[in-house]
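1. The following block contains a protein sequence and its predicted model.
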Amino acid sequence: MTFQALALPAAHAAGGTAATGAATAQGAATSQVGAAEDTVARQLAAALAGPDFRAQVRSAALASRQVGLASLTAGKSAPAALTGAVTAAESRIARAKGLGTAAGPLLQVRLGADSMKAALTAGTVPLVAVATGDDKAATVTAYDSAGRAHTLSATRTPKQAVYVVDLDEDKATAAGLAQVDKALGKSGLSSAAAPAATGGFWTTKVDSVYLNDDEEPWILGDAEIYSIVTGFGQDGKVRVDTVDMPYLDDDHTTYYPNQILVNWSNYKYNLADVVMMEADSDTNYAALAKALADALLTITDQGTYIPLVDAILDAIPSNWWTNDDDYVDSWYTLGVNSAGTLNGARGNGRLTVEPYWVAEL
């Protein structure tokens, strides 16, 4: 699922000069990921003409919500053309997302909606579509086993069975954030944690989280949410910590993660900012790390806390605000003593937090 994007002020929509290079990389990622997925979708549709492979995919799709394409193509019934397409696409996508080989296989296939299960009979040859990153798209292109393209409504769930080629965004986000943390550490934006005070340290814990959004097209999968926590480290330099929130799948749903959001022993001041983002198939984590480093390394400690949300939003490549709805919400000046329900600045998110003491063992 893609959360609705915010109409940003001109300064944010422009992306800022720090994001220019990253925007170019992000644009390249968009075309490469989409093209790779489209090639695999066409090959998968053609492969469904074979009854043995079609039965294998059907059985896997009915048994699991998401099925890794690498595992499907490892079987004897998978055509060589599909196996080769998946292998080539995995490599291309990993490069486009700035992941290298860290994430492993990412491509997967799923049935477009649970309501399609009744139509997925043994004799059915489903269409194959690609999960679009544009939640405003009115139509979706799907392919049949003869290579013909069909236009489907993006807002009305088809009655016929449609397989959707997508990425395992939970895995990609976890690997991507690890890459971001590593890159930011090399840039000096993720300094080593300060020694905890004797007995433990204070944190801010998320007791519950709720996100608003509009109704989403049937073809989109679950959201993949992460947060960027920023403040000034004990060394006086800007510090950035990423927090993965893989449980945040659906809008209009309250989740109770009991998750640590801020470790206050890492920060000089008793204030920090939080920017919540959604990862999608086109997110380039190398570009994200570079954009953040370019923008935040220019900010110095002036002896008092400086909010950093605007600097982060300015750093995000400008084309991330076009179709790719990456910005979810933000929380300014979260304090070490913050407690209760906190509404995001955008009004799209709501956190319930409390101070939480982490004691030494």
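-> It's in. Residues are numbered from 1 along each chain as shown.

2. Tell me the spatial nearest neighbour of residue 85, not counting adjacent residues.
-> Using C-beta to C-beta, 6 or more residues apart in numbering and skipping the chain neighbours, the partner closest in space to residue 85 is residue 43 (4.2 Å). Where C-beta positions appear, they are placed from N, C-alpha and C, glycine not excepted.

3. beta partners for the residue nearest in space to the middle of the chain?
-> Residue closest to the average C-alpha location in the chain (C-alpha atoms, centre = their mean): residue 279, at 1.8 Å. Counting by DSSP bridges, residue 279 is bridged to residue 224.

4. wouldn't it be in contact with residue 224 here?
-> Yes: at 4.3 Å, residue 279 counts as touching residue 224 under the criterion of C-beta atoms under 8 Å.

5. what do those two both touch?
-> Residues touching both residue 279 and residue 224 (C-beta atoms under 8 Å, 6 or more residues apart in numbering) are 169, 172, 173.

6. Just give me the least confident of these.
-> Among the shared contacts of residue 279 and residue 224, residue 169 has the lowest pLDDT, at 86.

7. The stretch 201-350 of the chain: helices as residue ranges?
-> Secondary structure of the stretch 201-350 of the chain (DSSP state H, counting those that start in this stretch): helices located at 285-296, 309-315.

8. Give the residue spans of the stretch 1-150 of the chain that score low on pLDDT.
-> By pLDDT under 70, the weakly predicted segments of the stretch 1-150 of the chain are 1-30, 133-135.

9. Where do the strands of it begin and end?
-> Per DSSP state E, counting those that start in this stretch, the stretch 1-150 of the chain carries strands over the ranges 67-68, 107-111, 127-130, 139-143, 149-153.

10. show me the contacts for residue 254.
-> Applying C-beta under 8 Å, 6+ apart, the residues contacting residue 254 are 208, 209, 210.

11. how many other residues sit next to residue 249?
-> 15 (other C-beta atoms under 10 Å).

12. Could I get the shared contacts of residue 279 and residue 224 in TSV, plus columns for distance to residue 53, neighbour count and secondary structure?
-> Compiled in TSV, these are given as follows (distance: C-beta to C-beta, whole Å; neighbours: other C-beta atoms under 10 Å; DSSP: H, G, I helix; E, B strand; the rest coil):
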residue	distance to residue 53	neighbour count	secondary structure
169	26	23	helix
172	26	24	helix
173	30	25	helix
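
13. now the residues you listed as CSV including distance to residue 348?
-> Below are these laid out as CSV (distance: C-beta to C-beta, whole Å):
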residue, distance to residue 348
169, 19
172, 23
173, 19
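
14. Check residue 325 and give its pLDDT.
-> 46.

15. one step back: next step: the contacts of residue 254 restricted to strands.
-> Secondary structure from DSSP state E places 208, 209, 210 of the contacts of residue 254 in strands.

16. contacting residues around the second one?
-> Residue 209 sits next to 245, 248, 254, 255, 257, 349, 350, 351, 352 when contact means C-beta under 8 Å, 6+ apart.

17. now the second one: how far from residue 114?
-> In this view, residue 248 and residue 114 are 20 Å apart by C-beta to C-beta, to the nearest Å.

18. And these two? Which one has more around it.
-> residue 248 (25 against 9).

19. Closest to residue 78 out of the ones in strands among the contacts of residue 254?
-> Taking C-beta to C-beta as the measure, residue 78 lies nearest residue 209 of the ones in strands among the contacts of residue 254, at 40.3 Å.

20. who does the closest one bridge with?
-> residue 255, residue 351.

21. What pLDDT is listed against residue 303?
-> Residue 303 is given a pLDDT of 84.

22. For residue 238, see how far away it is.
-> In terms of C-beta to C-beta, residue 303 sits 14 Å off from residue 238.

23. Likewise for residue 107?
-> Relative to residue 238, and taking C-beta to C-beta, residue 107 is found at 36 Å.

24. Comparing those two, which shows the higher neighbour count?
-> residue 238 (27 against 23).

25. show me the contacts for that one.
-> 189, 230, 231, 232, 296, 297, 299, 308.

26. again with residue 184
-> 190, 240, 289, 292, 293.

27. How about residue 140?
-> Residue 140 makes contact with 129, 132, 151, 152, 153, 154, 217, 219 under the criterion C-beta under 8 Å, 6+ apart.

28. For it, give the beta-bridge partners.
-> residue 152.

29. low-scoring stretches of the stretch 151-300 of the chain, by residue?
-> Residue ranges of the stretch 151-300 of the chain with pLDDT under 70: 191-198, 213-217.
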